[in-house]
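Visitor: With the sequence up front, the predicted model follows.
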Amino acid sequence: MNESLLYPCINSCRDFHSLDGMWKMQFDPDSVGQKENWQDGLPSPFAFPVPASFADIFTDKEKRDYCGDFWYETRFHLDADTTRDVILRFGSITHRATIFVNGIKAGEHEGGFTPVVLDITPYVRFDNKNRISVLANNELNETSIPCGTTKILPDGRKLAAPYFDFFNYSGIQRSVLLIRVPKERLIDYDTDMELQGNDALVHYRVKKTGDHPITVEIYDKTLGLMARNTGEEGTLRVKDAELWEPENPHLYTIVFLIKDEHGFIDKFRADLGIRTFEARDGKLWLNGKPIFLKGFGKHEDFEIMGRTFSYPIAMRDFACMKWINANCFRTSHYPYAEEWYQLADSLGILIIDEVPAVGMMRSLMNFATAGTGGKETKFFCSDTVQQLQENHRRALEEMIVRDKNHPSVIAFSIYNEPETTYPEAREYFKPLFEYARSIDPQKRPLTGAQLINSTPNTCQCQDLCDFVSLNRYYGWYVMGGSEISVAEKLFRQEMDEWKETLHGRPLIFTEFGADTYSAEHKLPSVMWSQEYQRECYEMNFRVMDDYDFVQGELVWNFADFQTTEGIMRVNGNKKGIFTRNRQPKDAAYLLKKRWEKK
Ligand code: BDP
C-alpha cells in the first residue's frame with residue numbers, strides 16, 4: 001500500500017472536492033472495453049449516480065443482477081498548483097477496479113470494501129479538462145473475498161453465485177474525492193494508550209515524507225492544549241484524561257503540524273478517543289472496567305440504496321441502536337464506509353470490525369450449512385488458497401490501517417464462518433492472525449465468528465482468538481418450532497463443552513436469531529411469526545445467562561436485508577429486529593427491556 005488511507009481534511013495546506021454526482025456508466029459483458037479503448041471515452045454510456053450500488057436502481061432484472069465488467073466515467077477541471085499532489089480517492093469500488101486518468105492506467109485495486117487511493121499528479125492536465133475512467137468487475141471466485149463463484153448461463157450471461165448470504169451489491173458505492181495534499185506530508189499515524197492513575201499516556205508514531213520535523217498536539221474542545229511533542233515517535237501525557245466510553249464518548253483532537261521557516265507545510269487533524277480495551281480473565285474490559293457487549297450483526301443495506309453510504313440511514317440506525325440500549329455492532333461481513341466509524345466514535349458505540357472473509361466453504365446455501373452443520377468441502381485444501389490468503393492478508397492490512405485510530409473499534413474479526421475443522425484451515429489462518437497482531441498498534445483482541453461445526457472438539461482455529469465468537473442458530477436451523485426444547489438441551493451441552501475450553505477467554509455470540517415475517521402473528525407461535533422470534537430469543541437468553549463466561553450478545557440481524565433470491569429466502573433475510581425500513585418488530589421490545597438492565 002503506497003498511498004495514505006487517512007480520511008481527508010480541509011485546512012490551509014490540504015483540501016478536497018467531491019466528484020459525487022451523475023457519472024457515465026456502461027456494462028461490458030464481453031470484456032472488450034480495454035481493447036476498444038473505452039478508457040478514451042465510453043462508446044454508448046448511460047447516466048448513473050455515484051456513489052450507488054447499481055442493482056436496485058434498475059427496473060430490468062438482467063441489469064440488476066449484472067455480473068462481469070462495467071465502466072464508469074467522469075470529467076473534472078483542475079487549476080494549476082505545482083506545490084501540491086493530486087490524490088484520487090474512492091471510498092471503495094466493489095470488488096475490483098482498474099483506474100485510468102486521461103486514458104492512462106493510473107492504478108488497480110482488488111477488494112471491494114476499502115479505499116482505492118491513487119496519486120494521479122503525473123496524469124493530470126492542469127488548467128484543463130480531465131477524464132477519469134474506471135473499469136470495475138464484480139465477479140466472485142474462490143480467491144476473492146468474499147468468496148463465491150460465477151455461473152455462466154447457456155446464453156453466456158454471467159451470474160454471481162455467492163457462498164454468502166447477502167446480495168452482491170456492486171459499483172462505486174462510496175464517495176469519490178479529489179484531494180490536494182502538500183508534497184511534504186503526513187502519510188499515516190498510529191496511537192496507543194496507557195492509563196497511569198488519572199493521566200493517559202498517548203504513544204504515537206507517524207509516517208511522513210520530507211525532512212522537516214513534525215509536531216503533534218492534543219487539544220480538548222474546552223480546555224485547549226493538553227500536550228505537545230515534536231518528533232516522529234513519542235508519548236504525549238494527557239493529565240486527568242477524560243476517557244472515551246459509551247456513556248461519555250469524549251473526543252480530543254489530535255493535530256499534526258509540519259513547518260519550515262516560512263510557515264506551515266502540512267497540517268492534519270483528527271478525533272482522538274482515549275480508551276483501552278482488553279479480553280482477559282473471562283471478561284472484556286474497557287478502560288479497566290468490565291463491559292458486556294449488547295447489539296447486532298449488521299449490514300450496509302437499504303432499499304434502492306443497496307450498500308451506498310447515506311448519513312440519514314446511518315443516523316436512523318444509530319438512533320435505533322440507542323433506543324434499544326445497544327452498545328455494539330459487528331461490521332458483518334466487510335469493513336463499512338468510514339463515516340460509520342466516525343459516527344460511532346462520536347456516539348459511543350463499540351465496533352467489531354470484520355474483514356470480508358466470508359463464504360469460505362463451498363456452498364451456495366451456506367446459511368443452511370451454517371445453521372445445521374454440513375459436510376466439509378475441504379475449501380482450504382484447494383490450489384487457489386495461496387492467492388486467497390494473499391488477498392485476505394491485504395484486505396486485513398487495509399482495514400487495520402484505515403480503522404486503527406478509531407476509539408469505537410475495539411476488536412478485529414478475521415473471518416466469518418469458514419470451515420475450521422481440519423489442519424489446512426489452521427495453516428491458512430494462523431499467519432493471518434499473526435499478521436493482524438503485528439500491524440495493529442493497539443494490539444486489539446482478535447476474533448472470528450465460528451460456524452456451528454466449529455465446536456470445542458472440532459475447531460482447529462478457536463485458540464487463535466482472544467475471545468471466542470459463536471454464530472449459533474439453536475431454535476432456528478437447529479431444532480426450531482415445537483422442537484425448541486430439544487434445541488435448548490443441545491445448546492446447553494455445547495456450552496458445557498466451551499466452559500472447559502476457554503481457559504479464561506471470554507465468549508460472545510456474534511449471531512443468533514430467527515427469520516421473522518413482520519406481517520405474521522400466530523398464537524400459539526409458528527416459525528416465521530413475531531411470537532416465535534421472541535420465544536427463540538427467550539430460550540437463547542435463558543441458556544446464555546447460565547454461563548458467566550458469556551460477555552456479549554450481538555443478535556442476527558439489526559434489520560432485514562437483501563440476499564440473492566432462492567427458495568430459502570423470501571425476498572431477503574428476515575432475521576431483522578427491525579424491518580428493512582427500520583421499524584421495530586415485537587422482539588425489539590424484548591431486547592430493549594433486557595438491555596436496559598444488562
Ligand atoms: C450465518 C451467516 C450470515 C447469515 C446467517 C443466516 O454468517 O451471513 O445471514 O447465518 O442464516 O450463516 O441468517
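Guide: Sure, I can see it.

Visitor: and stretch 576-586, how far apart are its ends?
Guide: 11 Å (C-alpha to C-alpha, to the nearest Å).

Visitor: got a list of contacts for the helix or strand where residue 321 lies?
Guide: When elements are defined using DSSP states H and E, residue 321 is found to belong to helix 311-323. If you take C-beta atoms under 8 Å, 6 or more residues apart in numbering as the criterion, helix 311-323 is touched by 295-296, 298, 302, 305, 329, 339-340, 343-344, 347, 349, 558-559, 578, 582, 584, 592. In this view, the C-beta of every residue, glycine as well, is placed from N, C-alpha and C.

Visitor: and that helix, what's its mean pLDDT?
Guide: What helix 311-323 shows for mean pLDDT is 98.

Visitor: List the residues that contact whichever residue of the stretch 51-200 of the chain sits closest to the ligand.
Guide: Closest residue of the stretch 51-200 of the chain to the ligand, C-beta to the nearest ligand atom: residue 165 (3.5 Å). For residue 165, the contacting residues are 366-367, 563, 569, 573, by C-beta under 8 Å, 6+ apart.

Visitor: On the three-state scheme, it is what?
Guide: coil (DSSP: H, G, I helix; E, B strand; the rest coil).

Visitor: And the one 4 residues further on, by the same measure?
Guide: Look at residue 169: counting by three-state DSSP, its state is coil.

Visitor: In this structure it contacts residue 307, no?
Guide: Yes - between residue 169 and residue 307 there is a contact under C-beta atoms under 8 Å: 4.3 Å.

Visitor: Look at the two and report which has more neighbours.
Guide: Counting neighbours by other C-beta atoms under 10 Å for residue 169 and for residue 307 shows that residue 307 has the greater number, 29 against 22.

Visitor: still on that earlier bit, need the residues touching each of residue 169 and residue 307.
Guide: 53, 94, 301.

Visitor: Tabulate the contacts of residue 165 in a markdown table, adding columns for neighbour count.
Guide: Written out in a markdown table, the entries for the contacts of residue 165 read as follows (neighbours: other C-beta atoms under 10 Å):
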| residue | neighbour count |
| --- | --- |
| 366 | 23 |
| 367 | 22 |
| 563 | 22 |
| 569 | 17 |
| 573 | 24 |
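
Visitor: which among the residues you listed gets closest to residue 192?
Guide: Distances from residue 192 to these, taken as C-beta to C-beta, are shortest for residue 366 (36.4 Å).

Visitor: The helix or strand hosting residue 86 - contacts with which helices or strands?
Guide: Per DSSP H and E, residue 86 falls inside strand 84-90. Counting by 3 or more C-beta pairs under 8 Å, 6 or more residues apart in numbering; DSSP states H and E, the packing neighbours recorded for strand 84-90 are strand 96-101, strand 116-119, strand 176-182.

Visitor: Between those, which one is closest to residue 3.
Guide: With C-beta to C-beta as the yardstick, what comes closest out of the helices and strands packed on strand 84-90 is strand 116-119 (3.9 Å).

Visitor: Paired strands for that closest one, with orientation please.
Guide: Looking at strand 116-119 with DSSP bridges, its paired strands and their directions are strand 84-90 (antiparallel).

Visitor: Just want the angle from the strand it pairs with to strand 96-101.
Guide: Here strand 84-90 points in a direction 150 degrees away from that of strand 96-101 (axes from the mean of the first three to the mean of the last three C-alpha atoms, to 10 degrees).

Visitor: Now strand 84-90 - C-alpha only, PDB.
Guide: Presented in PDB, the C-alpha positions along strand 84-90 are these (Å, rounded to 0.1, in the frame of the first residue of the first chain):
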ATOM      1  CA  ARG A  84       0.700  20.000  -4.200                       C
ATOM      2  CA  ASP A  85       0.000  16.500  -5.300                       C
ATOM      3  CA  VAL A  86      -3.400  15.400  -6.600                       C
ATOM      4  CA  ILE A  87      -4.900  12.300  -5.000                       C
ATOM      5  CA  LEU A  88      -7.900  10.500  -6.300                       C
ATOM      6  CA  ARG A  89      -9.800   8.600  -3.500                       C
ATOM      7  CA  PHE A  90     -12.700   6.200  -4.000                       C
END
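
Visitor: The strand holding residue 86 versus strand 176-182: what angle between them?
Guide: Between the direction of strand 84-90 and that of strand 176-182, the angle (the same axes, to 10 degrees) works out to 160 degrees.

Visitor: What are the contacting residues of strand 84-90?
Guide: With C-beta under 8 Å, 6+ apart, strand 84-90 has contacts from 3-4, 8, 16, 78, 97, 99, 101, 106, 115-121, 124, 132, 134, 172, 174-183, 185.

Visitor: mind checking how far residue 513 is from residue 287?
Guide: 30 Å (C-beta to C-beta, to the nearest Å).

Visitor: With neighbour numbers in mind, choose between the two.
Guide: With neighbours defined as other C-beta under 10 Å, residue 513 and residue 287 compare such that residue 513 has more, 26 against 17.

Visitor: Which among the contacts of strand 84-90 count as buried?
Guide: The neighbour-count criterion (16 or more other C-beta atoms under 10 Å) marks 3-4, 8, 16, 78, 97, 99, 101, 106, 115-121, 124, 132, 134, 172, 174-182, 185 among those as buried.

Visitor: re earlier: moving C-terminal of the helix holding residue 321, what's the next helix or strand?
Guide: Next helix or strand after helix 311-323 toward the C-terminus (DSSP H and E): strand 328-330.
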